[in-house]
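Asks: would you be able to build a 3D model of this:
(one chain, ligands or ions: 2)
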Amino acid sequence: MPELGRNDERVLTTLKKSSRPMSAYDILDSVRTEALKAPVQVYRALQKLERRGLVHRVEALNAFVACSDRHEGLHRPGFVICRDCGTTREFKDARVAGIARKAAGEDFAIDSISLEIYGRCAPCEAAGG
Ligand SMILES: [Zn+2]
Ligand SMILES: [Zn+2]
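Replies: Ligands and ions are numbered 1, 2, ... in the order given. Here you go, the predicted structure:
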């Protein structure tokens with residue numbers, strides 16, 4: 001696998017610092033440098049990071065989060081996302097694939113599974129009425 005380039009590292013670092021998913025434009029706004037200034041560069045970096053399992057896409061938000069696992073490698077986690085503050089927690093549960101397989105049936109070729117759970121985290125729930 002090719003080494004991560006400077007831009008890939010910058011994008012990854014930016015995502016790691018954020019507790020909430022960021023769109024490609026959010027990322028661009030916070031990393032903009034001479035070398036990294038076009039959306040296509042951010043998308044390219046995200047694609048590379050996603051293929052390594054270092055970054056995940058949150059489908060419904062069209063945004064990205066850094067993987068909270070330590071290991072590299074492709075995996076498809078689910079997410080618990082707070083609607084108020086955007087805090088996102090990654091989780092993995094092997095049963096999800098089994099449930100999806102069963103639901104889709106044998107005559108359906110699954111190419112992706114996304115499980116995103118929305119609600120409010122404890123601090124937001126305590127703060128809100
Ligand atoms: Zn992950
Ligand atoms: Zn919250």
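Asks: quick one: low-confidence parts of this structure?
Replies: The model of the chain has pLDDT under 70 over residues 1-2, 70-73, 129.
Asks: from this protein, which residue is nearest to ligand 1?
Replies: Closest approach between the chain and ligand 1, counting by CB to the ion: C67, at 3.2 Å. C-betas here are computed from N, CA, C, even on glycine.
Asks: for that residue, what are its contacts?
Replies: Residues in contact with C67 (CB atoms under 8 Å, 6 or more residues apart in numbering) are G53, L54, V55, H56, H75, P77, E90.
Asks: show me where the chain has strands.
Replies: In the chain, the strands defined using DSSP state E lie at 55-58, 63-66, 78-82, 88-91, 116-119.
Asks: the fourth one pairs with which strands, parallel or anti?
Replies: For strand 88-91, the paired strands and their directions (DSSP bridges) read strand 78-82 (antiparallel).
Asks: which residues are contacting the partner strand?
Replies: Outside of strand 78-82, the residues within contact range by CB under 8 Å, 6+ apart are 21, 56, 58, 61, 65, 87-93, 96, 114-121, 124.
Asks: equivalent analysis for stretch 90-101, please.
Replies: Residues outside stretch 90-101 that contact it (CB under 8 Å, 6+ apart): 56, 65, 67-69, 75-80, 110, 113, 115.
Asks: out of the residues you listed, the closest to ligand 2 would be?
Replies: The closest of the contacts of stretch 90-101 to ligand 2 turns out to be V80 (CB to the ion; 10.4 Å).
Asks: partners of that closest one in the sheet?
Replies: Under the criterion used (DSSP bridges), V80 bridges to R89, I117.
Asks: for it, grab the count of nearby residues.
Replies: The number of residues packed near V80 is 15, by other CB atoms under 10 Å.
Asks: ok so, going back, which among the contacts of stretch 90-101 end up buried?
Replies: H56, V65, C67, P77, G78, F79 (16 or more other CB atoms under 10 Å).
Asks: tell me the one of those nearest I27?
Replies: Relative to I27, the closest of the buried ones among the contacts of stretch 90-101 is V65; by CB to CB it sits at 11.1 Å.
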